[in-house]
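[1] this one's structure only:
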């Protein structure tokens, strides 16, 4: 019975095995897709069923609590949503489709293990499991050469940050003589004024800065966002970011409000926001633009984490919910408009308001939510984050972040303008959405707006989640 | 759940009529354009009826905050859904109702993407209504931004002269304002130590230190001032007004600029009275510059819409001047001027819009003698122009007199300058009227039709409202007084 608390992990392992077998049979596109949607949907149910479970395994190295389970639920939802987009997985050769599902499942599994790891080595192994799945997913796209370039960039920077992270963990172990996070959290406040412990913690965080595409570990993001298949990018842009935010909350909370760490994080947050937003201003490709916007959003979410108070961590968790919803909505539009799996330039959104009013509206809501305009989850997330930072007296940081928000509105408006105002050179056919896609799109709009206007329950969930951690 | 309602929630019903109107429009097929217009008219009519009811049913003998609806929204953060009506916001709620209703009628002949247009207008008006009635800083900010973002598509899609440039400029300017307002709001909630966004709780004397008030007031003054068209942050407004389609200009100049001025009042002056007194000389100087600048730049314009847009800058300067006097009469006049200018400018844009729709030009030299071609449309414009000059008998006369009298007492030099400029403004409006509507008739436009009854109706409503409050200013001044007097008496002196 003890192993029941590993329900989601065991389930996703099974899913991976099923797709491993399917990848060896004769390929059948419809069968693979239906199986994937069914299994992913069941995965959400399995994960949500275990949300209240608690326990500890493997000599205390693996902990199941509300924090880990909420994020597992979020990951399974992310997996399900991305699989739903795979009905037109046209960027990837048909015979590789089962492998895509296989790798997505192992990646999700790796991230689920990650959010439950409370010991540095376990954490590292889980992180690598999810990373290697992604390294393999990125170059799967067919045609062109850009996916190879993206994959190599991703891989090289990834293993380099892994090395940094291992070095940091070694220093942490040297300073505190333990690899358990609970133990570290007890010893670190006294140790953080020693360079060894401080640098150790900072380098350990680097692994997740990389996942979050925070400056200076952001260089892979534009190439990977553009080079990978649209569905894979959607997964990289949603699920991995959510995990990175969760792990940063877990690791930063170990320091118990160290001001020197906060100062480093403030600097990184400001540079990341400003850099991401300024470079995004000149982008022509929509996915590339989203990559730079992700770099900026890494900065915003870090503001909540670096406030190092319960409201701040809760705000960061809320931000993760919001980020998943709004980024996914944007990628939903990318996948449906570029249905043949090509890259989508912003001008190719022209005439979307006539081709599919629903998608145009989803794009409007998603993009304005990323831009932080109420009443959307994106606004409420930013508001909570700023509220937490203000509690710590970081007025200037909030002001800089708000100025960044205004800068970012310029490029978000360009997207809205393309969809609502520009007309395509030649008449394009309207986009037919299947019933399930229509429902999904409408649902995403409702989630973003309602989550923004009624943040009460989600914020309570985020607060409870964080309480499990502290 | 912590709830407090005084009777039927009329204020929420106003918001709800906008939301329902929006949802109904979204589910109408887009080919059914007439149906969309009728639905818009019906729901804006409901909102107007409710706002008239609230205006009349407000108990003036008791004063204070009435029609209170308070609901705890997010507990740990101290956010409430909190609406209330007092002498300050009732005139503006009424104004929004009138301008929205007449705006729908004005756009009756709109062709092309009708459904989207009216949907965006409903979002905008929802934000404006919510902003005026909200007594919680969080919701106030939410409504503030909700009222701003539809401006971009509304101008960029249906606008005219340099529409994309105008729309983007407007959008980025006003949202830059909100970038100052949001940190200010969060700062107040945290710095007060109360961790609440409830305006009534935060406005109690002693909650905020003088230093905090001076700092926060500055943020709010600039942040909301951008939207209120305070000189030198007004540059977006003429460009935006000119680019916008008629009813959007009406809502924008008539209502949205008041959102900015009302923000200074409700957030800045209410919560930071010490900051208000501290910064009031600066406000007075900027407002006077705005009045004079608007008139002088308006004198040189040849585009009718620019003329009206710059007159808005100068009239909003009068609102600013009233607010800067820190006297009861000044506040009273400023709020009345917000209402009066809203109606007047809506009428100006509305009659101008009709002329532009028919002649496809708004350049003064191309027109001329229009009063012989379209006597009714010209008549409405001339009436509005007279009201703008401050001719007695219209609401703006009383507003301007009240503001100038109090300004003369507090800032004699600035007051004289501003009054002198207003005399010039009469010259400038008469010049426009003379060149556009009298003199040589342009033969090209001779056969153009005049306003039909249905299109004349919205203009007629606006004229009636202007004259009603001009002949019986007590209807509104007494109401504003019920809020101003207790507020001024409560100030720390």
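    Received the coordinates, thanks. Keep in mind that what you see is a predicted model, and the values were worked out from it rather than measured. Residues are numbered from 1 along each chain as shown, chains lettered A, B, ... in the order given.
[2] where does pLDDT dip in the chain?
    Answering for chain A, as no chain was given. A:1 (pLDDT under 70).
[3] chain B is the one I meant
    Checking chain B against pLDDT under 70 turns up B:1-3, B:493.
[4] around chain A, which positions in it sit nearby?
    Within chain B, the positions adjacent to chain A are B:30, B:73-77, B:113, B:116, B:138, B:141-142, B:145-146, B:149, B:152-153, B:156-157, B:164, B:168, B:171-172, B:175-176, B:179-180, B:182-183, B:186-187, B:189-190 by Cβ under 8 Å from any Cβ of the partner chain. Using the backbone N, CA and C atoms, a C-beta is placed for each residue, glycine as well.
[5] can you rerun that using 6 Å?
    Residues of chain B lying close to chain A (Cβ under 6 Å from any Cβ of the partner chain) are B:74, B:142, B:145, B:149, B:153, B:156-157, B:175-176, B:179, B:182-183, B:186, B:190.
[6] dump those into a markdown table; add secondary structure and neighbour count as well.
    Shown next, in a markdown table, are the residues of chain B next to chain A (DSSP: H, G, I helix; E, B strand; the rest coil; neighbours: other Cβ atoms under 10 Å in any protein chain shown):
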| residue | secondary structure | neighbour count |
| --- | --- | --- |
| B:74 | strand | 20 |
| B:142 | helix | 25 |
| B:145 | helix | 22 |
| B:149 | coil | 24 |
| B:153 | helix | 26 |
| B:156 | helix | 23 |
| B:157 | helix | 20 |
| B:175 | helix | 27 |
| B:176 | helix | 20 |
| B:179 | helix | 23 |
| B:182 | helix | 26 |
| B:183 | helix | 24 |
| B:186 | helix | 25 |
| B:190 | helix | 19 |
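[7] enumerate every residue touching residue 80.
    No chain was given, so I picked chain A. A:40-41, A:44 (Cβ atoms under 6 Å, 6 or more residues apart in numbering or on different chains).
[8] meant chain B actually
    Neighbour list for residue B:80: B:70, B:72-73, B:136, B:198 [criterion: Cβ under 6 Å, 6+ apart].
[9] now residue A:121. Nearest residue, chain neighbours left out?
    residue A:179 (5.8 Å; Cβ to Cβ, 6 or more residues apart in numbering or on different chains).
[10] that neighbour and residue A:119 touch, don't they?
    Yes - contact criterion Cβ atoms under 6 Å: residue A:179 and residue A:119 qualify, at 5.3 Å.
[11] most neighbours out of the contacts of residue A:80, which is it?
    residue A:40 (25 neighbours; other Cβ atoms under 10 Å in any protein chain shown).
[12] please enumerate the strands of the stretch 351-470 of chain A.
    In the stretch 351-470 of chain A, no segments count as strands under DSSP state E, counting those that start in this stretch.
[13] contact residues of it facing chain B?
    By Cβ under 6 Å from any Cβ, the part of the stretch 351-470 of chain A that sits against chain B consists of A:373-375, A:386-387, A:390-391, A:398-399, A:402-403, A:406, A:409, A:420-421, A:455-456, A:459.
[14] buried ones among these?
    A:373-375, A:386-387, A:390-391, A:398-399, A:402-403, A:406, A:409, A:420-421, A:455, A:459 (16 or more other Cβ atoms under 10 Å in any protein chain shown).
[15] where does residue B:60 sit: helix, strand or coil?
    coil (DSSP: H, G, I helix; E, B strand; the rest coil).
[16] surely it meets residue B:483?
    No - the pair residue B:60 / residue B:483 is not scored as a contact, 10.0 Å apart, by Cβ under 6 Å.
[17] which helices and strands sit right next to the strand or helix carrying residue B:322?
    Under DSSP states H and E, the secondary-structure element containing residue B:322 is helix B:304-324. Here helix B:304-324 touches helix B:236-243, helix B:273-299, helix B:328-359, helix B:395-410, going by 3 or more Cβ pairs under 6 Å, 6 or more residues apart in numbering or on different chains; DSSP states H and E.
[18] Throw those into a markdown table and include mean neighbour count, thanks.
    Shown next, in a markdown table, are the helices and strands packed on helix B:304-324 (neighbours: other Cβ atoms under 10 Å in any protein chain shown):
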| stretch | mean neighbour count |
| --- | --- |
| helix B:236-243 | 25 |
| helix B:273-299 | 21 |
| helix B:328-359 | 26 |
| helix B:395-410 | 23 |
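[19] can you pull up the most central residue in chain A?
    residue A:241 (2.2 Å; Cα atoms, centre = their mean).
[20] gap between the helix or strand where that one lies and the chain center?
    Using DSSP H and E, residue A:241 sits within helix A:230-252. Distance, stretch centre to chain centre, for helix A:230-252: 3 Å (Cα atoms, centre = their mean, to the nearest Å).
[21] got it, and stretch A:165-181?
    With Cα atoms, centre = their mean, you get 26 Å for stretch A:165-181.
[22] quick check: buried residues in it?
    Quick answer for stretch A:165-181 (16+ other Cβ under 10 Å): A:165-166, A:168-172, A:175-176, A:179-181.
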